[in-house]
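Colleague: coordinates only, no sequence provided:
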């Protein structure tokens, strides 16, 4: 088995090197003088300027080389790209070089490195190709679906993704060690998360603790090792779209968007409030009760965490509500993945909506409501008394 797999990946490596060196595929070129890295064109098949004969040429060539060009009787650039992407990602002889990719330009490309043999045994278990999931999703996607959507994402091996995520997160959360007053969280911290696809609830989770990560993880991915999970946050995986969703372009867009959520969003609760930080390349917009600026609120990628929910403002609103009644303070925020969302929009039509409520805040609001109602009842009784006052007789409750 091992020998067969090695022959297969060696076959891919020699084939790739030959194609890059041939110069006959637009955009497929060496990225360095030493010829250890190469660029591969990565344009979305749904773009208006997409040219199948040029932009999908290398992917079509691989499908033809493998004898899969006419599989299913479809002329499908998206499936061609998926096939080569899976082959590159599962091979120990290639690794994606994320920092050298250019995916926001008119002629986007990714960069892969040819891994020397002496380094191949060092890699952690690799991401397996989601061939079964791909076959299922092909039945629900049209031919122009692709693995790029809105903002491009960089596909790398699962264990490498997990390790890198923890390193990136630490740049902010390491401050907890040096600044306890900023980062010490309360035992009351908790999250209630509801995920909706096209207005339909597909997941609900309760998390006790101060940190969570909301992310997409393909079902066929190799599970992370215990050493990696030890330093991570509780994860809420975005599920695959259920069969109950209506078919059409929106469902196709949903399937295309999900892989770009693979690196997710991290939420953490501090004494100041709940912060969010985005690591995925799919766009993330949010709405909440404590925004001070009008317009859209976009969570930028790999920047300082954004304050989504202020505990100080909530306490002020709660005190006012406890004393005066009226509208109860809101206890959560809304995240929208891949699309813009404003405070005035109905989120039910969006592809992916994540509703996050804070159970500890809801409990305080319920306590305040009960207190306010009790005071109102007492005031009502007092107003009916000739003396304007009431007397409560407290008696112990014995056992039955």
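Modeller: Perfect, thanks for sending it. No experiment lies behind these values; they were computed from the predicted model shown.
Colleague: C-alpha only now, for contacts and for neighbours.
Modeller: OK.
Colleague: give me the contact list for the helix or strand in which residue 316 is found.
Modeller: Residue 316 is part of helix 311-324, with elements assigned from DSSP states H and E. Contact partners of helix 311-324, identified using CA atoms under 8 Å, 6 or more residues apart in numbering, comprise 271-274, 290, 327-329, 364-365, 368-369, 371-372.
Colleague: any idea which helix or strand comes after that helix?
Modeller: Next element after helix 311-324 (DSSP H and E): strand 332-337.
Colleague: so in that sheet, which strands flank that next one, and in what orientation?
Modeller: Sheet pairing for strand 332-337, assigned by DSSP bridges, gives strand 284-287 (antiparallel), strand 352-357 (antiparallel).
Colleague: lowest mean pLDDT among the helices and strands of the protein, which one is it?
Modeller: Ranked by mean pLDDT, DSSP states H and E, the weakest helix or strand in the chain is helix 180-183, scoring a mean of 36.
Colleague: quick check: what element follows it along the chain?
Modeller: Following helix 180-183 in sequence, per DSSP H and E, is strand 190-197.
Colleague: for the helix or strand following that next one, buried residues please.
Modeller: Downstream of strand 190-197, the first helix or strand assigned by DSSP H and E is strand 200-208. For strand 200-208, the neighbour count (16 or more other CA atoms under 10 Å) marks 200, 202, 207 as buried.
Colleague: what of stretch 15-25?
Modeller: 16, 17, 19, 20, 25.
Colleague: quick one: contacts of that stretch?
Modeller: By CA under 8 Å, 6+ apart, the surrounding residues in contact with stretch 15-25 are 28, 29, 30, 38, 54, 57, 58.
Colleague: pretty sure the last one belongs to a helix, no?
Modeller: Pointing back at residue 58 there. Yes. The assignment for residue 58 (DSSP: H, G, I helix; E, B strand; the rest coil) places it in a helix.
Colleague: count the neighbours of it for me.
Modeller: 24 (other CA atoms under 10 Å).
Colleague: measure it to residue 97 for me?
Modeller: In this view, residue 58 and residue 97 are 19 Å apart by CA to CA, to the nearest Å.
Colleague: coming back round to it: in CSV: the strands paired with strand 332-337, plus mean pLDDT.
Modeller: Below are these laid out as CSV (pLDDT from 0 to 100):
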stretch, mean pLDDT
strand 284-287, 94
strand 352-357, 95
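Colleague: ok, which of the ones you listed comes nearest residue 107?
Modeller: Between residue 107 and those, the shortest gap by CA to CA is with strand 284-287, which sits at 24.2 Å.
Colleague: which residue is the nearest non-sequential neighbour of residue 242?
Modeller: Spatial nearest neighbour of residue 242, excluding adjacent residues (CA to CA, 6 or more residues apart in numbering): residue 202 at 7.6 Å.
Colleague: which parts of the chain are strands?
Modeller: Secondary structure of the chain (DSSP state E): strands located at 29-30, 37-41, 94-96, 109-114, 190-197, 200-208, 211-216, 235-238, 265-270, 273-278, 284-287, 306-310, 332-337, 352-357.
Colleague: can you put those in a markdown table and add distance to residue 299?
Modeller: Formatted as a markdown table, those follow (distance: least, CA to CA, whole Å):
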| stretch | distance to residue 299 |
| --- | --- |
| strand 29-30 | 34 |
| strand 37-41 | 28 |
| strand 94-96 | 25 |
| strand 109-114 | 24 |
| strand 190-197 | 18 |
| strand 200-208 | 22 |
| strand 211-216 | 14 |
| strand 235-238 | 18 |
| strand 265-270 | 9 |
| strand 273-278 | 6 |
| strand 284-287 | 6 |
| strand 306-310 | 7 |
| strand 332-337 | 9 |
| strand 352-357 | 14 |
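Colleague: out of those, which gets nearest to residue 64?
Modeller: strand 37-41 (17.4 Å).
Colleague: which strands and helices sit next to the closest one?
Modeller: Applying 3 or more CA pairs under 8 Å, 6 or more residues apart in numbering; DSSP states H and E, one finds that strand 37-41 makes contact with strand 29-30, strand 109-114.
Colleague: a markdown table for those strands, including distance to residue 342?
Modeller: A markdown table is the format used below for the helices and strands packed on strand 37-41 (distance: least, CA to CA, whole Å):
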| stretch | distance to residue 342 |
| --- | --- |
| strand 29-30 | 42 |
| strand 109-114 | 32 |
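Colleague: turn these into JSON lines, columns for mean neighbour count, distance to residue 302 and mean pLDDT.
Modeller: What follows is those, written out as JSON lines (neighbours: other CA atoms under 10 Å; distance: least, CA to CA, whole Å; pLDDT from 0 to 100):
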{"stretch": "strand 29-30", "mean neighbour count": "20", "distance to residue 302": "29", "mean pLDDT": "94"}
{"stretch": "strand 109-114", "mean neighbour count": "20", "distance to residue 302": "20", "mean pLDDT": "92"}
